[in-house]
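J.: Prediction below, plus the sequence it came from.
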Amino acid sequence: MRTWCYCLLLLVSAALLSGGRVEPVLAQTGAEQPQTQEHDHEHDREPQHVDPRKNFLSQSAREALGQLMVQDFQGRMKPLDTLCRESLWKIVKQGSLDGWQPVDLYVSWVAHSDFWFDKPLIAVRNPQLKGLLGIQPSTKHISPASLYDASGRYRLVEDVEKAHRTPDSKKSKMQRKLISLDERFNLFFMAVRGLTLRVFPLPDDENNRWLGAGELQDELDGPVGDEYQAAFNDLYQGLHSQNSGAVLRAAQAIGSIQEKYGAEVLQSPLALGAELRLNRLQPFVWATIPYLVAFVLLILAYASSLARRRVAAISFRNPLYTLGMIVFVGTILYHTYGYVLRWIAAGHAPLSNGYESLIFIALMIGVAGLFYEIRSRRGSMAALSALLTAVILGVAMLPTFDPAISPLVPVLASFWLIVHVTIITASYGYLGLVAVVAMTMLILHLFKRPGRMTLRLAIFELNKLHWNAMVTGLAFLSIGTFLGGVWANESWGRYWGWDPKETWSLVTILVYAFVVHFRFVERFNRPLNMASGGFLAILSVGMTYFGVNYFLSGLHSYAQGDAPGVPAWVFVMTVAMVALVVAAYLVDSARSWEGANAARHSTKKGKPLATPPLT
């Protein structure tokens, strides 16, 4: 694949040396036509130096183009609107570029590649990589043309080849970023050559393969080939002349071709509508803001209640609490709606990669927080779950996680995907909420002072909810692991094979079982001990989920070949967590809750409050 891409890069070099720009293949008849043949067609086009207008398409033309089906290189059928957004995200690492609509931008790359080849499009973030390229530290994007030297030679060939030859375990961070940069450039280059615009079904192909615009001449001839080429030429002429009416007619003609020759693999109207709506709404991006708003409102309601020395349930007459709950519940519903849209668009439960599992974990955290908030009505559980949900959604938006919908690998095309993975990831949501509640309890312990019995009672209340959520999460994790063994026997012929994921799932179950049993040992049955255990135990979940998936090689991992090293931030975070626990224990041992006003709070109905009720 890399050799093929570098051959294409040599064509670009030749174009740069001969004409100073890249002439997209899709305006001609094939990817391998000599440069002399390319110029033969230029006389039939509009002038080549027309700068593209931003968002030149009319709404109807944009919608008609966006609804055209495209087959990606994994075989998934998706609307062109999705391809445009994914290309923009992968190349530019942003959801938008200077106010351009994704569809307008992508087709402008196709029709005006000479213009865009000199524009800063390709994202560069790594400082070492910037040093290699000789650009300023403040530069965030470079032009495709800047990756060629004065002789028209691709500057990164040797470095990229060396990076690919280096084993994964020995690759430096800069080498990984270099490979990603090379992939972004190749993706842009394939887009302007028409190789990703695979909108033409190959008639009577047993594998239902679709063709890119640059493949038409090599694959088709006769009347069908002429029909396809005429439709594409009309589209290209309309795009290049920025004539929305011509683009609309060409898009309708290509749509008719797709219905005529590729009806077997077209998305259903329901799935198409769901995916287009998902693209337009971006629910997992925009849900982050109302989750944070809900957190602020609810944590203020909780803090104001503690300030008035109240630990009882908050009334809905409290405007902060009522408004916070309305925002929180509404955002959960919006989050759920987005998840359902993705399920319909994908045609399977969206649990097949890191991005999808994160948005589901975030949803489960929100649902768990709502459940326990209904039980307690203190504002704390809803506030903490809203905060954690926003953080998880924010993590899902990082470049590490690809939001693209992918077809299922064969082993995941099973009923067990819904059963096993849903239960396991739900357990991660509950245990993540446990960790945040535990962290809150540890932070409250830092404010331990004589006479602050309201704060002490608040810790007792959080401890009860913390333990109940931990038991629920442990139950889900245990059941999910057991069902995973059943699925493993169905898929691989054995129930247990000590795969890294299996091993760390067992370790996590044992860790949480150990912490849960603190309640039944009088010496350990203290809120501080429960909070410390629940807080540090999340490290085992992190290893089971992130560590195994991305840093270990196995049947469950996303890593390929030798595993990369563990990033430094993992060690920093672990040290910070341990430091918080140590600080809470030091404060707890140095200070007492008892004070001048403690006597009337020290008992409740004649029973000591040293050990809180947990059920």
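T.: Great, that's in hand.
J.: how much space between Ala111 and Pro407?
T.: In this view, Ala111 and Pro407 are 30 Å apart by Cβ to Cβ, to the nearest Å. For the C-beta atoms, the positions are set from N, CA and C on the backbone; glycine is no exception.
J.: before we move on, what about Gln229?
T.: Distance from Gln229 to Pro407, by Cβ to Cβ: 29 Å.
J.: do the same with Leu320
T.: Counting by Cβ to Cβ, the gap from Leu320 to Pro407 is 46 Å.
J.: Same question for Asp98.
T.: From Asp98 across to Pro407, the span is 33 Å (Cβ to Cβ).
J.: before we move on, what about Gln71?
T.: According to Cβ to Cβ, Gln71 and Pro407 sit 11 Å apart.
J.: Would you mind telling me which of the two has more residues around it?
T.: A direct count of neighbours by other Cβ atoms under 10 Å for Gln71 and Pro407 places Gln71 higher, at 23 against 16.
J.: So that one sits against Gly212, correct?
T.: No. Gln71 lies out of contact with Gly212 (Cβ atoms under 8 Å); the separation is 9.1 Å.
J.: Report the set of residues contacting both of the two.
T.: Arg198 (Cβ atoms under 8 Å, 6 or more residues apart in numbering).
J.: So in the chain, where's the weakest helix or strand by average pLDDT?
T.: Using mean pLDDT, DSSP states H and E, helix 35-42 stands out as the lowest-scoring helix or strand of the chain, at a mean of 35.
J.: right, and the helix or strand after that one?
T.: Next along the chain after helix 35-42, taking DSSP states H and E as the criterion, comes helix 59-66.
J.: so where is this protein shaky, pLDDT-wise?
T.: Applying pLDDT under 70 to the chain flags the ranges 1-50, 411, 549-567, 595-615.
J.: And the strands in it?
T.: Counting by DSSP state E, one finds strands in the chain at the ranges 69-71, 77-79, 122-123, 141-142, 200-201, 210-211, 603-604, 607-608.
J.: What are the contacting residues of the third one?
T.: Residues from elsewhere that reach strand 122-123 (Cβ under 8 Å, 6+ apart): 91-94, 140-144, 147, 181, 184-185, 188.
J.: now with 7 Å?
T.: Residues from elsewhere that reach strand 122-123, judged by Cβ atoms under 7 Å, 6 or more residues apart in numbering: Ile91, Val92, Lys93, Lys140, His141, Ile142, Pro144, Leu181, Arg184, Phe185, Phe188.
J.: count of residues packed around the second one?
T.: Residues near Val92, counting by other Cβ under 10 Å, number 21.
J.: Show the contacting residues for it.
T.: Leu121, Ala123, His141.
J.: So Leu239 sits against Ala111, correct?
T.: Yes. Contact criterion Cβ atoms under 7 Å: Leu239 and Ala111 qualify, at 3.8 Å.
J.: What sits closest to Pro407 if chain neighbours are left out?
T.: What sits nearest to Pro407 in space, not counting adjacent residues and going by Cβ to Cβ, 6 or more residues apart in numbering, is Arg76, at 4.8 Å.
J.: Kindly provide the distance from that neighbour to Trp89.
T.: Plainly put, Arg76 is 16 Å away from Trp89 if you go by Cβ to Cβ.
J.: swap in Ser146?
T.: 21 Å.
J.: Equivalent analysis for Phe295, please.
T.: From Phe295 to Trp89 the distance is 27 Å (Cβ to Cβ).
J.: out of those two, which sits in the more crowded spot?
T.: Taking other Cβ under 10 Å, Phe295 and Trp89 do not tie; Phe295 has more neighbours (23 against 18).
J.: Might you report the residue contacts of the more buried one?
T.: Counting by Cβ under 7 Å, 6+ apart, Phe295 touches Ala383, Ala386, Leu387, Ala390.
J.: List the contacts of Leu306.
T.: Contacts for Leu306 were tallied using Cβ under 7 Å, 6+ apart; they are Thr454, Leu455, Ala458.
J.: Not counting residues beside it along the chain, what's closest to the first one?
T.: Spelled out, that is Thr454. Nearest one to Thr454, counting by Cβ to Cβ, 6+ apart, is Arg309 at 4.5 Å.
J.: Please tell me I have it right and His342 contacts Ala349.
T.: I think there's a mix-up here, since residue 342 is Arg and not His. No. Arg342 is not in contact with Ala349 according to Cβ under 7 Å; the separation is 9.5 Å.
J.: Could you pull up phi and psi at the residue nearest to Thr454?
T.: Backbone torsions for Arg309, taken as degrees, to the nearest 10, come to phi 60, psi 40.
J.: What's the separation between it and Val581?
T.: 28 Å.
J.: Comparing those two, which residue is more hemmed in?
T.: A count of neighbours by other Cβ under 10 Å puts Val581 above the other of Arg309 and Val581, at 19 against 12.
J.: From Asn529, how far off is the more buried one?
T.: Distance from Val581 to Asn529, counting by Cβ to Cβ: 10 Å.
J.: Kindly report the same for Leu121.
T.: Leu121 sits 55 Å away from Asn529, taking Cβ to Cβ as the criterion.
J.: more neighbours, those two?
T.: Neighbour tally, Leu121 and Asn529, criterion other Cβ under 10 Å: the higher count belongs to Leu121, 20 against 17.
J.: Report the buried residues of stretch 307-326.
T.: Buried residues in stretch 307-326, counted by 16 or more other Cβ atoms under 10 Å: Val311, Ile314, Leu320, Tyr321, Gly324, Met325.
J.: Dump those to CSV, plus distance to Glu158.
T.: Formatted as CSV, the buried residues of stretch 307-326 follow (distance: Cβ to Cβ, whole Å):
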residue, distance to Glu158
Val311, 67
Ile314, 65
Leu320, 61
Tyr321, 62
Gly324, 57
Met325, 59
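J.: Those in helices, which ones?
T.: Among the buried residues of stretch 307-326, the members found in helices (DSSP state H) are Leu320, Tyr321, Gly324, Met325.
J.: neighbours around the residue nearest to the third one when sequence neighbours are not counted, how many?
T.: This means Gly324. Nearest non-adjacent residue to Gly324, counting by Cβ to Cβ, 6+ apart: Leu297, 3.2 Å away. For Leu297, the neighbour count with other Cβ under 10 Å is 24.
J.: before we move on, what about the one 5 residues further on?
T.: The number of residues packed around Tyr302, counting by other Cβ under 10 Å, is 23.
J.: Look at Gly99 and say how many residues are nearby.
T.: Neighbours of Gly99 using other Cβ under 10 Å come to 9.
J.: Please tell me how far the nearest residue to Phe514 once chain neighbours are set aside sits from Asn489.
T.: Using Cβ to Cβ, 6+ apart and skipping the chain neighbours, the partner closest in space to Phe514 is Gly533 (7.5 Å). Between Gly533 and Asn489 the distance is 33 Å, computed by Cβ to Cβ.
J.: Those two: which has the busier surroundings?
T.: Neighbours were counted for Gly533 and for Asn489 using other Cβ under 10 Å; Gly533 has more, 22 against 12.
J.: Hmm, the more buried one is touching Val515, no?
T.: Yes. Applying Cβ under 7 Å, one finds Gly533 in contact with Val515, separated by 3.5 Å.
J.: Show me how far stretch 467-485 is from its chain's centre.
T.: 25 Å (Cα atoms, centre = their mean, to the nearest Å).
J.: Show residues contacting that stretch.
T.: Applying Cβ under 7 Å, 6+ apart, the external contacts of stretch 467-485 come out as 368, 372, 416, 419-420, 423-424, 426-427, 430-431, 433-434, 437, 495-496, 505, 508-509, 512-513, 515-516, 519, 530, 534, 614.
J.: One more pass at 6 Å, please.
T.: 419-420, 423-424, 426-427, 430-431, 433-434, 495-496, 505, 509, 512, 516, 534, 614 (Cβ atoms under 6 Å, 6 or more residues apart in numbering).
J.: now stretch 102-114
T.: With Cβ under 6 Å, 6+ apart as the test, stretch 102-114 has contacts from 21-22, 24, 52, 55, 57, 62, 65-66, 81, 84-85, 87-88, 116, 191-192, 239-240.
J.: before we move on, what about stretch 62-81?
T.: Applying Cβ under 6 Å, 6+ apart, the contact partners of stretch 62-81 are 83, 103, 198-199, 210, 248, 251, 254, 258, 265-267, 275-276, 279, 407.
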